[in-house]
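Chemist: Below is the sequence, then the predicted model.
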Amino acid sequence: MNDEPKVPADEPRPRPTRSMAEIQQEIETVRAELAATVDELASRLDPRSQATKIITDATNPDASPEARRRARIVLGVAGAAAALVVAGLVRKAVRR
């Protein structure tokens, strides 16, 4: 059987000791992973790249039908919103 003493669940388990070089290497690895994650999020949230992707999906015949449909819906909603803003501005200008 297992000869190790049981540690209660609420007590922290002893960690193996690591050298300073191992800790620094782990920190560098985690920093690199974090930087890659931040870069990926920044590219996903960039409005210019999102607009380019939507336009490409809407006009590319090789895109999947689902992607084309979604892109066309987004472009339609954006166009309608722009038309409402312009109509509101024109109406406001005419009333003056």
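Modeler: Nice, thanks for sending it over. Numbering: from 1, shown residues only.
Chemist: how about Ile54, what does it touch?
Modeler: The contact partners of Ile54, by Cβ atoms under 8 Å, 6 or more residues apart in numbering, come to Ala71, Val74, Leu75. Any C-beta I mention is one placed from the backbone N, CA and C, and that applies to glycine too.
Chemist: Tell me which helix or strand the residue lying closest to the second one once chain neighbours are set aside sits in.
Modeler: Leaving aside its chain neighbours, Val74 sits nearest to Ile54 (5.4 Å; criterion: Cβ to Cβ, 6 or more residues apart in numbering). Counting by DSSP states H and E, the element that carries Ile54 is helix 47-59.
Chemist: quick one: buried residues of that helix?
Modeler: When neighbours are counted by 16 or more other Cβ atoms under 10 Å, the buried residues of helix 47-59 are found to be Ile54, Asp57, Ala58.
Chemist: can you list these in JSON lines and add pLDDT and distance to Leu45?
Modeler: What follows is those, written out as JSON lines (pLDDT from 0 to 100; distance: Cβ to Cβ, whole Å):
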{"residue": "Ile54", "pLDDT": "85", "distance to Leu45": "14"}
{"residue": "Asp57", "pLDDT": "84", "distance to Leu45": "17"}
{"residue": "Ala58", "pLDDT": "85", "distance to Leu45": "20"}
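Chemist: Three-state assignment for Asp62, please.
Modeler: coil (DSSP: H, G, I helix; E, B strand; the rest coil).
Chemist: what number of residues lie near it?
Modeler: 7 (other Cβ atoms under 10 Å).
Chemist: What separation do you get for it and Arg69?
Modeler: When distance is defined by Cβ to Cβ, to the nearest Å, Asp62 is 15 Å away from Arg69.
Chemist: which residues in this structure form strands?
Modeler: Assigned by DSSP state E, the chain shows no strands.
Chemist: Show me the shaky parts of the chain.
Modeler: Counting by pLDDT under 70, the chain contains low-confidence residues at 1-9.
Chemist: Packing partners of the longest helix along it?
Modeler: Ranked by residue count, the top helix of the chain under DSSP state H comes out as helix 65-95. Packing contacts for helix 65-95, counted by 3 or more Cβ pairs under 8 Å, 6 or more residues apart in numbering; DSSP states H and E, involve helix 47-59.
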